[in-house]
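In: output the structure for:
(one chain, ligands or ions: 1)
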Amino acid sequence: MRKVPILLTLLSVAIALNAVCAEPEMGMDLMQNIEDANKSLSSNIALANKQAAGDDAKELARMFLEVETFFTHKGDATNAVDLARQSRELSAEIVQLVATGKFEVATDKATTLSRTCRTCHTFYKKE
Ligand code: HEC
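Out: Coordinates of the predicted model:
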């Protein structure tokens, strides 16, 4: 009978160690949500929809902060941290641009943002 708590303790230690050692992973749907928000952003900029484009860009800025944090903790991924930060800053700029109706500049920034996705995938997305 007295062995059971000890076994349970050992088991929970093993589970905890496993969680610590496991390769960190990005939130399950983070990239898929980024993909959706990025598409939505492009069309809302094209439609000159201030409110919706602003919401998309804010959401992207928030998600790229998560990506940045992920790669910071993962370590040995300086370029990915930089690219995530650039993406976050571009998204934040787009928030300001669409709020003031500067849709042409916002389109240029959105193009740069999409290029940043591809750059990061080239180096960090293993297939
Ligand atoms: C800082 C690096 C980085 C940036 C910037 C980045 N990605 Fe990713 N992306 C990754 C990595 C790493 C993976 C593969 C890991 C995974 O699937 O969890 C990935 C996977 C994906 C996937 C596949 C997801 C799936 O479920 O298989 C999509 C879609 C995607 N990214 C879209 C985008 C879009 C759109 C952008 C830009 C708006 C972007 N990503 C920017 C690193 C990045």
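In: which residue comes closest to residue 65 once chain neighbours are left out?
Out: Residue nearest to residue 65 in three dimensions, not counting chain neighbours: residue 88, with 5.6 Å by C-beta to C-beta, 6 or more residues apart in numbering. From N, CA and C alone the C-beta is placed, and that goes for glycine too.
In: the one you found sits in which helix or strand?
Out: Assigning secondary structure by DSSP states H and E places residue 88 in helix 78-99.
In: show me where pLDDT drops low in this structure?
Out: By pLDDT under 70, the low-scoring segments of the chain are 1-2, 6-24, 127.
In: what about the residue nearest to residue 65, how many residues close to it?
Out: Residues within reach of residue 88, counting by other C-beta atoms under 10 Å, total 20.
In: got a list of what it touches?
Out: Contact partners of residue 88, counting by C-beta atoms under 8 Å, 6 or more residues apart in numbering, are 60-61, 64-65, 68.
In: can you lay out the residues you listed as CSV showing distance to the ligand and neighbour count?
Out: CSV is the format used below for the contacts of residue 88 (distance: C-beta to the nearest ligand atom, whole Å; neighbours: other C-beta atoms under 10 Å):
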residue, distance to the ligand, neighbour count
60, 7, 25
61, 11, 19
64, 7, 24
65, 11, 16
68, 7, 19
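In: helices - which of these land there?
Out: 60-61, 64-65, 68 (DSSP state H).
In: got CSV for the contacts of residue 88, with distance to residue 81 too?
Out: CSV is the format used below for the contacts of residue 88 (distance: C-beta to C-beta, whole Å):
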residue, distance to residue 81
60, 17
61, 16
64, 11
65, 11
68, 6
